[in-house]
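[1] using only what follows, build the 3D model:
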Amino acid sequence: MSEIKTAVCPLPNGERIFYRSYGEGADTLLLLHGNLASSRFFEEFFPYLKNCRIIAPDMRGYGDSSYDKPFGTLVELAEDFSAFCNELGLKSIFAGGWSTGGTVAMELAAIRPDLVKGLVLISSVSCQGFNIPPRDEHGDPMPDGVYPDRESFDKDPMVSMIGNALKTKDYVTLKSIWDSLIFTKTTPGGEEYTQYLEASCKQRSNNDAYWALTKINMTDSANYKAPGSGHINLIKCPVLAFHGDDDLVLAINHAKENKAALGDKMELIILENCSHASYWDHPNEMAEKINSFIGDD
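    Numbers count the residues shown, from 1 in each chain. You can find the predicted model right below:
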């Protein structure tokens, strides 16, 4: 079995990106984690992926990467990984991402079509973003509402609760979130779970990440959350996407919106009896498809 190696890559913008690498092969898969996570969350999935070199970084403000400059958009994180690949001498890669990482991977494919030759979306956020609505005077969410500014957004009850849990390393609260929303089908083992919680608490970018998620709109048209950037049209490579049929974090419409925007470039696989933690629930099925997708290049 291959050994997991770790290193740090300094970027020209001054940030330092920590990353894990695993395996060998002619192709490289850049694998980006989701929110409240880090590259540690991929370790158990690494051995399922064959015949490629996996590079799994911690995004800026997550895990063991630096957070010298806060970010306001996911494009900024994609630009980090454009520079990251340049620094590592990577000329052609597959880019994959889970949840928030999926949208960062899409933005990377949009700004660097010369670099990304294939996309793997794992329970990804929609190219139209993720709404966190304000609440009315009764405390009920306003479905199509948006916060008028960052100051009011930072006071959102959910954003504040999660941010406080991360800062205070409140494992009880964080575990309840993971158990009730993410690990609803498959639960990691005790020591593995503890390491996930430890890795989660290294995140310093909670409010920035959630704010950026609400401002994504890669389509041509403005929606109630954000104007359209048109970046989705810059993605030229084939896309393999997975989404669970019982995802409590990102409903199936996220995957369907990506499919509608990407059209025939995207193959969408709906996984049955599957949560947001899709590669824990269906590791063999997903790995088989990913290995074939990379191998067919």
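[2] so, low pLDDT: which residues of the stretch 1-150 of the chain?
    Within the stretch 1-150 of the chain, the stretches with pLDDT under 70 are 1.
[3] helices of that one, start to end?
    In the stretch 1-150 of the chain, the helices defined using DSSP state H, counting those that start in this stretch lie at 74-88, 100-111, 150-153.
[4] out of those, which gets nearest to residue 227?
    Counting by C-beta to C-beta, residue 227 lies closest to helix 74-88 out of those; the figure is 13.4 Å. Every C-beta, even on glycine, is put in place using the N, C-alpha and C of the backbone.
[5] which residues does residue 218 contact?
    106, 107, 110, 127, 128, 228, 229, 230, 231, 232, 261 (C-beta atoms under 8 Å, 6 or more residues apart in numbering).
[6] does it belong to a helix, a strand or coil?
    Three-state assignment for residue 218 (DSSP: H, G, I helix; E, B strand; the rest coil): coil.
[7] same check on the one 4 residues further on?
    Of the three states, residue 222 takes coil under three-state DSSP.
[8] quick one, what contacts the closest residue to it other than its chain neighbours?
    Spatially, and ignoring its direct neighbours in sequence, residue 222 is nearest to residue 228 (5.4 Å; C-beta to C-beta, 6 or more residues apart in numbering). By C-beta under 8 Å, 6+ apart, the contact list for residue 228 reads 217, 218, 219, 220, 221, 222.
[9] now the two most distant members of those residues.
    Within the contacts of residue 228, 218 and 222 form the most distant pair, 12.0 Å apart (C-beta to C-beta).
[10] got the contact list for the nearest residue to residue 77 once chain neighbours are set aside?
    Setting aside the residues directly before and after it, residue 77 is nearest to residue 104 in space (C-beta to C-beta, 6+ apart), at 4.9 Å. By C-beta under 8 Å, 6+ apart, the residues touching residue 104 are 32, 59, 74, 77, 78, 81, 97.
[11] now for the nearest residue to residue 82 once chain neighbours are set aside, how many residues are close by?
    Spatial nearest neighbour of residue 82, chain neighbours left out: residue 112 (5.1 Å); criterion: C-beta to C-beta, 6+ apart. Neighbour count for residue 112, taken as other C-beta atoms under 10 Å: 18.
[12] nearest spatial neighbour of residue 243, skipping sequence neighbours?
    Nearest one to residue 243, counting by C-beta to C-beta, 6+ apart, is residue 255 at 3.7 Å.
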